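Enquirer: sharing a model that was predicted from the sequence below.
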Amino acid sequence: MILIMQPDPLARLETWLAEAATPRPVQRGEILFRVGEKPTRVYWVRQGELHLIRYGAQGERAILQRCTRGPLAEAAMFSSRYHCEGVAIVDSELWSMPLGDFLDALTEPALGRSYIAWLSQSVRALRGQCERLSLPRAEDRVLHALRESGTYDLTTGTLKTWAAALGITHEHLYRTLARLERGGRIRRDAAGVYLG
């Protein structure tokens, strides 16, 4: 069987956005939109980190999306209002464009297929995350994540960020990684964490 490597769908979309959208820097702590506002623009993260945050009745904070690359709040494109707020966690660079222009552009076949391919990858990643978070032990969550991706890249993310994505404290992650490394199940260096 011959495997054909598909190009990164985000690369095609980002090439198009670089020409069609407006670059927009955002400062750490800046709020792009709030709960109840009508979506009128597409925000696409080029670099940095933005979160979708929802607050509960008692003020508890839930992070619905941690976005370091790609569209922020893509589900809101077909909603009458935002159900969360979009916040820059660090100084970041975005592309921004009117929502209607973006939706019209997706009717172009190659661009539309790239977006669908990216959505498909995102669904698979979310299913993997749901499966991972259902595992009771931190060790199993770490190994599951590494089996899915092959590595955790420390040049683009921190262990604290990974711990939050795994649903554990960073202290628990540090102890778990040390135990797995001693047992030969993982390897670590300055660039990443890998299966052993």
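Expert: It's in.
Enquirer: pull the number of nearby residues for the closest residue to Arg187 other than its chain neighbours.
Expert: Distance criterion CB to CB, 6 or more residues apart in numbering; nearest residue to Arg187, sequence neighbours excluded, is Tyr194 at 4.8 Å. Yep, even glycine has a C-beta here, placed from its N, CA and C like the rest. Neighbourhood size, Tyr194 [other CB atoms under 10 Å]: 15.
Enquirer: can you give me the pLDDT of Tyr194?
Expert: We have a pLDDT of 94 for Tyr194.
Enquirer: list the contacts for it?
Expert: When contacts are counted by CB atoms under 8 Å, 6 or more residues apart in numbering, Tyr194 touches Leu146, Gly150, Thr151, Ile186, Arg187, Arg188.
Enquirer: doesn't Tyr152 make contact with the fifth one?
Expert: When you say that, I think you mean Arg187. No: Arg187 is beyond contact range of Tyr152, at 11.3 Å (criterion: CB atoms under 8 Å).
Enquirer: and those two? which has more neighbours close in?
Expert: Between Arg187 and Tyr152, counted using other CB under 10 Å, Tyr152 has the larger neighbour count: 23 against 13.
Enquirer: how far does stretch 75-83 sit from the chain's center?
Expert: Offset of stretch 75-83 from its chain centre (CA atoms, centre = their mean, to the nearest Å): 18 Å.
Enquirer: quick check: mean pLDDT of that stretch?
Expert: For stretch 75-83, the mean pLDDT works out to 93.
Enquirer: one more: stretch 30-48?
Expert: Stretch 30-48 shows a mean pLDDT of 95.
Enquirer: measure the closest residue to Val26 other than its chain neighbours to Phe102 for me?
Expert: Using CB to CB, 6+ apart and skipping residues adjacent in sequence, the residue nearest Val26 is Ala88, 4.3 Å away. Distance, Ala88 to Phe102, using CB to CB, to the nearest Å: 20 Å.
Enquirer: again with Tyr194
Expert: Counting by CB to CB, the gap from Tyr194 to Phe102 is 37 Å.
Enquirer: again, but for Pro71
Expert: For Pro71, the distance to Phe102 - CB to CB - is 9 Å.
Enquirer: need the residues touching each of those two.
Expert: Here Pro71 and Phe102 share the contacting residues Val42, scored by CB under 8 Å, 6+ apart.
Enquirer: where does the protein dip in pLDDT?
Expert: The chain contains residues with pLDDT under 70 at 1-7.
Enquirer: need the longest helix for it.
Expert: Taking DSSP state H as the criterion, the chain has its longest helix at helix 109-133.
Enquirer: which secondary structure elements does whichever helix or strand comes after that helix sit against?
Expert: Using DSSP states H and E, the helix or strand that follows helix 109-133 towards the C-terminus is helix 138-149. When contacts are defined as 3 or more CB pairs under 8 Å, 6 or more residues apart in numbering; DSSP states H and E, helix 138-149 sits against helix 109-133, helix 159-166, helix 170-182, strand 186-189, strand 192-195.
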